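Colleague: A predicted structure for the sequence below; I have some questions about it.
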Amino acid sequence: MAKLKILEFPDPRLKTVAEPVESFDEDLKTLVGDMLETMYSARGIGLAATQVNVHKRLLVLDVSETQDQPRVYVNPEIMEREGEQVHEEGCLSVPGIYANVKRAENIIVRALNADGEKFEEQLEGLHAVCVQHEMDHLVGRLFVDYLSPLKRNMVRKKLEKQRKAAAKEAEDHLVI
Ligand code: GNR
Ligand code: NI
């Protein structure tokens with residue numbers, strides 16, 4: 001298994017629209033394993049293939065408290081949505097930024113597992129939020145796209161500042 005690099009906003013590759021998965025081969029299983037390792041190591045509850053620069057319709061998540069219930073959704077489709085919920089969201093591609101986002105409360109999702117077998121389930125609460133957040137990534141959308149352009153610009157500047165501070169920190173720690 002391998003930990004993959006997560007793209008960060010405003011990387012234009014995060015705007016790529018993913019293509020359906022067509023082959024359920026060993027490469028797909030390796031990618032799923034690598035995405036789960038990447039998600040757990042980053043302490044995320046979900047990860048879309050787009051975030052690791054693979055533009056296929058595939059997402060993984062684990063919304064369990066014990067972080068031991070990995071779930072895989074290949075070519076996911078939302079068949080039905082009902083109700084509304086507002087949840088504070090974060091994103092591994094927008095580190096350190098949190099904002100309230102309005103999503104459907106209940107959804108019915110149809111998808112395939114890593115073996116290409118079809119399943120359908122009804123989700124609510126955080127599980128439903130997470131699937132909707134990840135499916136947005138697959139069409140090139142981030143949760144900050146729901147904010148006003150002004151706020152999104154503030155996010156861009158804050159991330160730039162964070163990155164500069166991190167680079168300076170790394171420099172300060174250089175031992176020669
Ligand atoms: O780790 C994550 N937490 C989270 C919290 C609220 C709503 C959505 C998420 S998903 C996010 C991981 C991520 O960026 N997935 O794309
Ligand atoms: Ni995200």
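Modeller: Thanks, I have the structure now. Ligands and ions are numbered 1, 2, ... in the order given.
Colleague: what does the protein put close to ligand 1?
Modeller: Contact residues, the chain versus ligand 1 (Cβ under 6 Å from any ligand atom): 44-48, 51, 87, 89-93, 129-130, 133-134, 137. C-beta coordinates here come from the backbone N, C-alpha and C atoms, glycine included.
Colleague: how about 8 Å then?
Modeller: Selection of the chain residues close to ligand 1 by Cβ under 8 Å from any ligand atom yields 39, 42-48, 51, 59, 61, 87-94, 101, 126, 129-130, 133-134, 137, 143.
Colleague: Now list the buried members of these.
Modeller: Buried members of the residues of the chain next to ligand 1, counted by 16 or more other Cβ atoms under 10 Å: 39, 44-48, 51, 59, 61, 87, 89, 91-94, 101, 129-130, 133-134, 137, 143.
Colleague: helix/strand/coil for the residue nearest the centre of the chain?
Modeller: By Cα atoms, centre = their mean, the chain has its centre lying nearest to Leu47, at 3.5 Å. Look at Leu47: counting by DSSP: H, G, I helix; E, B strand; the rest coil, its state is strand.
Colleague: who's in contact with it?
Modeller: Taking Cβ atoms under 8 Å, 6 or more residues apart in numbering as the contact definition, Leu47 lies against Ile6, Met35, Leu36, Thr38, Met39, Leu59, Val60, Leu61, Leu92, Glu134.
Colleague: Then Val144?
Modeller: Taking Cβ under 8 Å, 6+ apart, we find Val144 in contact with Phe9, Cys91, Val94, Ile97, Ala99, Lys151, Arg152, Val155.
Colleague: what about the first one, which helix or strand?
Modeller: I take that to be Phe9. If you go by DSSP states H and E, Phe9 is not part of any helix or strand.
Colleague: ok, it - contacts?
Modeller: Each residue near Phe9 by Cβ under 8 Å, 6+ apart is listed here: Cys91, Ser93, Val94, Leu142, Val144, Val155, Arg156, Leu159.
Colleague: which secondary element of the protein has the worst mean pLDDT?
Modeller: Least confident helix or strand, the chain: helix 149-172 with a mean of 95, by mean pLDDT, DSSP states H and E.
Colleague: mind saving the C-alpha coords of that helix as CSV?
Modeller: Only the C-alpha atoms of helix 149-172 are listed here, as CSV (Å, rounded to 0.1, in the frame of the first residue of the first chain):
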residue,chain,number,x,y,z
PRO,A,149,-16.6,34.7,-4.1
LEU,A,150,-15.4,37.1,-1.4
LYS,A,151,-15.3,34.4,1.2
ARG,A,152,-13.6,32.0,-1.3
ASN,A,153,-11.0,34.6,-1.9
MET,A,154,-10.4,34.8,1.9
VAL,A,155,-9.9,31.1,1.9
ARG,A,156,-7.4,31.3,-0.9
LYS,A,157,-5.4,33.9,0.9
LYS,A,158,-5.5,32.1,4.2
LEU,A,159,-4.2,28.9,2.6
GLU,A,160,-1.5,30.9,0.8
LYS,A,161,-0.4,32.3,4.2
GLN,A,162,-0.5,28.9,5.9
ARG,A,163,1.7,27.5,3.1
LYS,A,164,4.2,30.3,3.4
ALA,A,165,4.4,29.9,7.2
ALA,A,166,4.9,26.1,6.8
ALA,A,167,7.7,26.7,4.2
LYS,A,168,9.4,29.2,6.5
GLU,A,169,9.1,26.8,9.4
ALA,A,170,10.8,24.0,7.3
GLU,A,171,13.6,26.5,6.4
ASP,A,172,14.1,27.5,10.1
